[in-house]
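Trainee: next one to model:
(one chain, ligands or ions: 1)
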Amino acid sequence: MSETEPNLQILLIEDDEDDFLITRDLLQDAGRKDVQLTWADSLDDGLDGLRSGSYAVGLVDLRLGPDSGLDLIRQARDEGLTTPLILLTGQGDEDLDNRAVELGASDYLVKGRLDGHGLIRSIRYAIDRAQATEQLATSEAHYRLLFDTNPAPMCLLDTATDAITSMNQAAQQLYGYHADDLPGLTLDTLRAGTTGPLDSEGVIVRNGGRLEFHLTRAGRPLCMEVIPREIAINQRPHQLLMLTDRTEEIQSNRQMRLLQRGIESTSNGIAIADALSPDMPLIYVNPAFERITGYRAEEVLGRNCRFLQGSTSDAVNDSALQEIRQSIAEQRDVAVVLRNFRKDGSPFWNDLFIGPVRNDQGRVTHFIGVQNDISDKKSAESELAYNVSHDVLTGLPNRSLLEDRLTQACQFADRYGRQLALLFIDLDGFKLINDSLGHRIGDRLLVEVARRLRQLVRSGDTVARLSGDEFIVVLPDLAKADDALLVVELVINEIAAPYRIDDRTLHLTASVGIATAGGHIDNPIELLQQADLAMYRAKQMGRNTYQWYSTELNDEANKRVILRNELQDAIDNDQLAVYYQPLVDARTNVPKSVEALIRWQHPERGVISPQDFIPLAEETGQISPLGRWVLERACQDTIRMHARGFRDCTVSVNVSPIQLRKSGFVDEVSSVLQASGLAAEFLELEVVESALLYDTAVVVKALNDLRELGVRISIDDFGTGFSSLSYIKLLPANKIKIDRTFIKDVIKDRSDAAITQGVISMAHHLGLEVVAEGVETEAHAAFLRKHQCDLLQGFAFARPLPFDELIRYLSEGRNGYPGATTGEDAPQPAQTLLLLDDETNILRALTRVLRRDGYRILSTTSVREAFELLAENDVQVIISDQRMPEMSGTEFLSEVKAIYPDTVRIVLSGYTDLKSVTEAINEGAIYKFLTKPWDDQQIRNHVLQAFQLHAAGKG
Ligand SMILES: Nc1nc2c(ncn2[C@@H]2O[C@@H]3COP(=O)(O)O[C@H]4[C@@H](O)[C@H](n5cnc6c(=O)[nH]c(N)nc65)O[C@@H]4COP(=O)(O)O[C@H]3[C@H]2O)c(=O)[nH]1
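Mentor: Prediction:
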């Protein structure tokens, strides 16, 4: 021990003073002057001394009076007094040694064997050991503290036994175990029998760690990250297990992954935008978004999603976008349907929900958009809605939408003081095309008509298709009603332009009815009815034209409605009668047959023409009972007629196309014939050629069946239909009736004359008889006779007569019929000259000069009469004045040339109009042009030459 060492305080606890002195001497002998020995002679004093903490070491005698030094050692240790204590005894005893050390003594010395140096060394060792022990204890306490109070759960595992030897407080708290539970606790207890690591579920496990499934004492499942560290304690291998509870993380990861899988597999497009970055870029889009929009995620992430909006704007989209902007600004949910565009530019209907996503502080950090492509649904919906309001074929508004538009148009016109016009357009001849060429062609025509009409009108106007071939145009914004005409004319012209369908060129025309309105209109639909009436009138006026609506038209329509009702009464109340008009043999004027014509004796309005009520009866279907009634009556009357002696006379009855098309008509005719007893050969049915226009096959079959029955068929009104020549081939007819419209001017109109002659010639070639109806004058009859017409019908012979009058007429005729003088055998002078001049003195002078040469001279001052004379006589040479009030001589002779090409024609003119003369000559209309005043001899020579020319066949 050196001089510099601190003073060594030793407490000797000894009940014997001698031993104290001995011990002091021993210490002095060892030369330690720095040692200070203090004596305590009892257990209590000794403990007090130790408690004072002033001593580096305590020497404790085994015997302390009544107490034992061992008790003191125990008590000191129990009190936590750490001063090293050395037990002093009188004798060596191994058991006592052990007990003392067990109790916490540092050493054991036997009093009699001690020397100073040995004592000092022992004291030194004791002090050093105590210090080391204290240091160790301190260090262990520190580590224990670190272990125990560490917030990270940990436990110590004896690797050999798997026993958990320590568990810190955090672990105890987590697992619900207490230090007392440790004995017997193993890692398997914590694992609750499960083995193997857990799926990491996206959680990143620290290096050297693993995830295990554990259970708390109460059975709560835990996902623990376990990181073992190999250590040795007292040379025994141990593992320090560092435990981290990752249950929540795994659960939330699991939830997140589930959510993500859900988001990725949903058919709804999902996009998430970052609300905190400028311009809110997209930070996530799911695969459905990519599928719907056609954009890949990498193309859109980082962009604002307005790229879906396209460049066009429309009202629906604009209001949806406005709603979105507003809800984003107000940070609230919004659901809209808007039109977006895919990457390829195609539009789709997006049923879009946008909702804000808030963080824990309630701040909006993201917006999530859920989109649903509802294009299919939308298009099905809109198709449905569209089909409800539009005509499927043409895409035009249908009647119901038209009515809406019309109402709006009326309001518009009323509000802005404009005129409104409604055009009712009906296609002429469409049915014919549709029936003959098929619906497919018909449909294409309608589509084309719709297209043309749409092109004609302005954006505020409406074009609609009402039904079949009826179209409507509404013009709501006209300055004056007449402006409608501009459109009407365009419509008529456009529709009349040829249609090219496949390799056919087709033609259509339109009849247009116009109704207009200004000011307030109570019932806009009335306009439609008015325009319809006007259109009907346009049709009557010959089609391809237009007609304005007027109140007269309305009156007429009302009249038609009344008439329709009255017609029923007429059928029921026997107001109908059948009249008969004879048809005479053209050569003999002998009646060959009669035509049955219905008459309506109206109690107030007198006789009503069939032309006024037959079409009505056809419209209403009343034609069937009416037709049957006429047929029955005609057959019965013919039997009666035969009974009166007119046995050869046949009867012809008009049959409406509607009757013909009805199934059972042939049977009806057959049963009527049977009931009346009239042989079929005496019945002729008159069929208008237009009967063949629709349902041609049905009609032709009915006619053939009628022919089979023995009934004769006559084609009525021939020439007025559409394509007479092609139909005539189909018709199993016996007879053709030339319509009276051709006969009316047949003697003076070159076209009518040509048609009449053509029809006669054609009919004869086909082996058919020809009747001309509407023969009103002898000139008509003569002309027709001259051109070999077989039968004549008309006022020139007889008007339609009631049965009794007919019988009278027929009876009178037995003694010679009127007009029968010009039979085939009547002598005709060889040379007949016709003179035409509006001055009678010229006629007289000429007659005087030319009579000398023996000609039969016919003269007249009127062109009309000249035509009649030409029709009634065989004229070879004609001399006509040039200047006449009705027409010029060259015009007259041009007509004559067309009708009577064999004649030789001379103009005798007081003046020379070079142009008309050269024209007439060039056309070959005149043979000579002579001037007034004439030289008698010269004119006689010219006329002579003209007759010679005719005789030579060069007229
Ligand atoms: N201007 C003029 N007219 C003449 C002359 N001779 C005869 N007529 C008229 O010409 C029409 C001839 O009949 P339609 O062409 O078959 O034309 C008939 C026929 O199509 C139809 N009709 C008449 N009776 C019946 C019937 O019982 N059934 C059917 N379905 N239609 C009938 O009504 C049309 C008109 O009959 P109606 O008024 O009786 O008129 C008759 C007749 O009175 C003449 O020299 N000059």
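
Trainee: could you export stretch 301-314 as CSV, CA atoms only?
Mentor: Taking Å, rounded to 0.1, in the frame of the first residue of the first chain, the C-alpha atoms of stretch 301-314 are listed here in CSV:
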residue,chain,number,x,y,z
LEU,A,301,-50.2,10.1,-65.5
GLY,A,302,-49.0,13.6,-64.7
ARG,A,303,-51.6,15.2,-67.0
ASN,A,304,-54.9,16.9,-66.0
CYS,A,305,-57.7,14.7,-67.2
ARG,A,306,-59.3,17.4,-69.4
PHE,A,307,-57.7,15.6,-72.4
LEU,A,308,-60.8,13.4,-72.4
GLN,A,309,-63.0,16.4,-73.2
GLY,A,310,-62.3,16.8,-76.9
SER,A,311,-62.5,20.1,-78.7
THR,A,312,-66.1,20.5,-79.6
SER,A,313,-68.6,21.9,-77.2
ASP,A,314,-72.3,21.2,-76.9
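
Trainee: what separates Asp461 from Val474, distance-wise?
Mentor: From Asp461 over to Val474 the distance is 6 Å, taken as CB to CB, to the nearest Å. For every residue, glycine as well, the C-beta is placed using N, CA and C.

Trainee: quick check: neighbours shared by those two?
Mentor: Residues touching both Asp461 and Val474 (CB atoms under 8 Å, 6 or more residues apart in numbering): none.

Trainee: who has more neighbours, these two?
Mentor: Applying other CB atoms under 10 Å to Asp461 and Val474 shows that Val474 carries more neighbours, namely 27 against 20.

Trainee: the more buried one is in what secondary structure piece?
Mentor: Following DSSP states H and E, one finds Val474 within strand 470-478.

Trainee: neighbouring strands for that strand, and are they parallel or not?
Mentor: Taking DSSP bridges as the criterion, strand 470-478 pairs within the sheet with strand 419-428 (antiparallel), strand 462-467 (antiparallel).

Trainee: counting neighbours, what do you get for Asn286?
Mentor: Asn286: 22 surrounding residues under other CB under 10 Å.

Trainee: what of the one 3 residues further on?
Mentor: Look at Phe289: counted by other CB under 10 Å, it has 26 neighbours.

Trainee: just give the closest residue to it, not the sequence neighbours.
Mentor: Leaving aside its sequence neighbours, Phe289 sits nearest to Gly269 (CB to CB, 6 or more residues apart in numbering; 3.6 Å).

Trainee: wait, what's in contact with that neighbour?
Mentor: Contacts of Gly269 by CB under 8 Å, 6+ apart are Val285, Asn286, Ala288, Phe289, Arg291, Ile292, Thr293, Gly369, Val370, Gln371, Asn372, Asp373.

Trainee: mind listing the residues bridging to it?
Mentor: With DSSP bridges as the rule, Gly269 is bridged to Gln371.

Trainee: tell me which stretches of the stretch 751-900 of the chain form helices.
Mentor: 778-786, 803-813, 840-851, 863-872, 889-899 (DSSP state H, counting those that start in this stretch).

Trainee: and the second one, what other elements does it pack with?
Mentor: Think helix 803-813. strand 576-585, strand 591-602, helix 623-643 (3 or more CB pairs under 8 Å, 6 or more residues apart in numbering; DSSP states H and E).

Trainee: ok, now the fourth one?
Mentor: Helices and strands in packing contact with helix 863-872 are listed as helix 778-786, strand 832-836, strand 856-860, strand 877-881, helix 889-899; criterion 3+ CB pairs under 8 Å, 6+ apart.

Trainee: which of the ones you listed sits closest to the ligand?
Mentor: helix 778-786 (8.3 Å; CB to the nearest ligand atom).

Trainee: right, and the helix or strand after the strand holding Val474?
Mentor: helix 484-496.

Trainee: tell me which helix or strand comes right after that following helix.
Mentor: strand 499-501.

Trainee: flag every buried residue along whichever helix or strand Gln674 is part of.
Mentor: Using DSSP H and E, Gln674 falls within helix 665-676. By 16 or more other CB atoms under 10 Å, the buried positions in helix 665-676 come out as Phe665, Val666, Glu668, Val669, Ser670, Val672, Leu673, Ser676.

Trainee: so the third one sits against Arg628, correct?
Mentor: Yes: with contact defined as CB atoms under 8 Å, Glu668 reaches Arg628; the gap is 6.3 Å.

Trainee: can you list the residues of this structure near the ligand?
Mentor: Residues of the chain lying close to the ligand (CB under 6 Å from any ligand atom) are 581, 596-598, 609-611, 614, 627, 630, 654-656, 686, 716-717, 740, 773-776, 793-795, 800.

Trainee: which of those residues are buried?
Mentor: For the residues of the chain next to the ligand, a burial check counting by 16+ other CB under 10 Å picks out 581, 596-598, 610, 614, 627, 630, 654-656, 686, 716-717, 740, 773-775, 793-794, 800.

Trainee: perfect, that will be all.
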